[in-house]
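1. return atomic coordinates for the entry below.
(one chain, ligands or ions: 2)
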Amino acid sequence: MVGISKSFTGTDALRNVDLEIFTGEVHGLVGENGAGKSTLMKVLAGLYPDYSGEIFFEGRASRIHRPRIARELGIAMVHQELSLVADLSVAENIFLGREARSRFPALINRRQIEKEAGAILTQIEAGISATQRVSELSVAKQQLVEIAKGISMHSQVLILDEPTSSLTEPEIRDLFRVIRTTKEKGVAIIYISHKLAEIFAIADRITVLRDGVKAEFSPRWTVGRRRSCARDGRKKSLRLLSPDSQASSARSCA
Ligand SMILES: Nc1ncnc2c1ncn2[C@@H]1O[C@H](COP(=O)(O)OP(=O)(O)OP(=O)(O)O)[C@@H](O)[C@H]1O
Ligand SMILES: [Mg+2]
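-> Ligands and ions are numbered 1, 2, ... in the order given. I've put the predicted structure just below:
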């Protein structure tokens with residue numbers, strides 16, 4: 001994403017933001033409340049057609065002005081507010097809006113989507129049955145259903161917006177395991193959070209937004225370096241390093 005800007009009436013939510021994402025990485029997107037994290041990702045997911053700037057997907061300029069275009073490119077977003085239908089089964093939720101393509105309604109279709117959903121749930125070791133009703137699931141399990149939904153669309157980019165806000169520690173560990181498995185399949189994961197410990201635990205690289213502007217960016221190894229600094233208790237702030245200052249940081253934290 002290059003030079004992305006987006007305004008709401010009276011607010012510049014994003015100003016000239018660049019973001020580069022690679023396959024097979026977890027990219028942490030951090031910043032305080034109102035920094036523009038969700039807005040930036042909603043632009044990528046095609047929800048704000050009136051953004052300015054450019055988006056390149058696999059090197060090709062792509063105007064993402066509809067959710068359908070994002071989906072076709074393989075971009076899926078799990079929103080801060082989960083959006084599953086409580087009265088439907090897990091399989092129905094995973095394939096919602098897509099299952100109607102078959103000429104044969106109901107039974108055949110249902111068996112097919114349950115089989116496909118079951119395969120994805122097994123693949124990510126979600127511990128959920130495809131036939132369960134979503135209303136029976138904890139928030140953590142619902143989160144995993146949303147991720148399974150993203151995977152079922154053969155997504156190449158999976159955006160998770162504050163996925164742990166209502167999860168317990170063991171549930172977060174489960175989620176991280178699923179994220180790592182998904183990343184190993186070559187999916188790029190954008191992980192939005194304002195919890196630094198989580199970001200340091202899961203992210204390969206980090207971009208920081210502050211008041212709608214990109215404030216900092218960390219190349220891959222700097223995150224590890226910062227994490228070890230943070231463990232030492234010597235560096236606790238979120239000031240990440242520009243590529244130019246890596247060498248001096250490495251010395252100061254070694
Ligand atoms: N639909 C909207 N209408 C008007 N203003 C909005 C809308 N969505 C976001 N904003 C404003 O844009 C700015 C960025 O908001 P955004 O939700 O992207 O921040 P965020 O970093 O995701 O924050 P949080 O951590 O609270 O989720 C804020 O000033 C917010 O008030
Ligand atoms: Mg947000």
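
2. tally of neighbours for the closest residue to ligand 1 within the stretch 151-254 of the chain?
-> Distances between the stretch 151-254 of the chain and ligand 1 by Cβ to the nearest ligand atom are smallest at His194, namely 5.7 Å. C-betas here are computed from N, CA, C, even on glycine. Other residues within reach of His194, judged by other Cβ atoms under 10 Å, total 16.

3. what helix or strand does it sit in?
-> Assessed by DSSP states H and E, His194 sits outside every helix and strand.

4. quick check, Ile179 in a helix?
-> Yes - under DSSP: H, G, I helix; E, B strand; the rest coil, Ile179 falls within a helix.

5. neighbours around Val145, how many?
-> 25.

6. that one against Leu137, yeah?
-> Yes - contact criterion Cβ atoms under 8 Å: Val145 and Leu137 qualify, at 6.9 Å.

7. overlap in contacts, the two.
-> Shared contacts of Val145 and Leu137 (Cβ atoms under 8 Å, 6 or more residues apart in numbering): 90, 128.

8. for the nearest residue to Leu158 once chain neighbours are set aside, helix, strand, or coil?
-> The shortest distance from Leu158 to any non-neighbouring residue, by Cβ to Cβ, 6 or more residues apart in numbering, is to Gly150 (4.6 Å). Of the three states, Gly150 takes helix according to three-state DSSP.

9. distance of Gly150 from Asp18?
-> 24 Å (Cβ to Cβ, to the nearest Å).

10. do the same with Ala203
-> 18 Å.

11. neighbour count winner among the two?
-> A direct count of neighbours by other Cβ under 10 Å for Ala203 and Asp18 places Ala203 higher, at 24 against 13.

12. count of residues packed around the closest residue to the more buried one other than its chain neighbours?
-> Among residues not flanking Ala203 along the chain, Gly28 sits closest, at 3.1 Å (Cβ to Cβ, 6+ apart). When neighbours are defined as other Cβ under 10 Å, Gly28 has 24 of them.

13. go on, Pro170?
-> Close neighbours of Pro170, defined as other Cβ under 10 Å, add up to 9.

14. next, see if stretch 165-184 gets close to ligand 1.
-> No - judged by Cβ under 6 Å from any ligand atom, stretch 165-184 and ligand 1 are separated, with a smallest distance of 9.4 Å.
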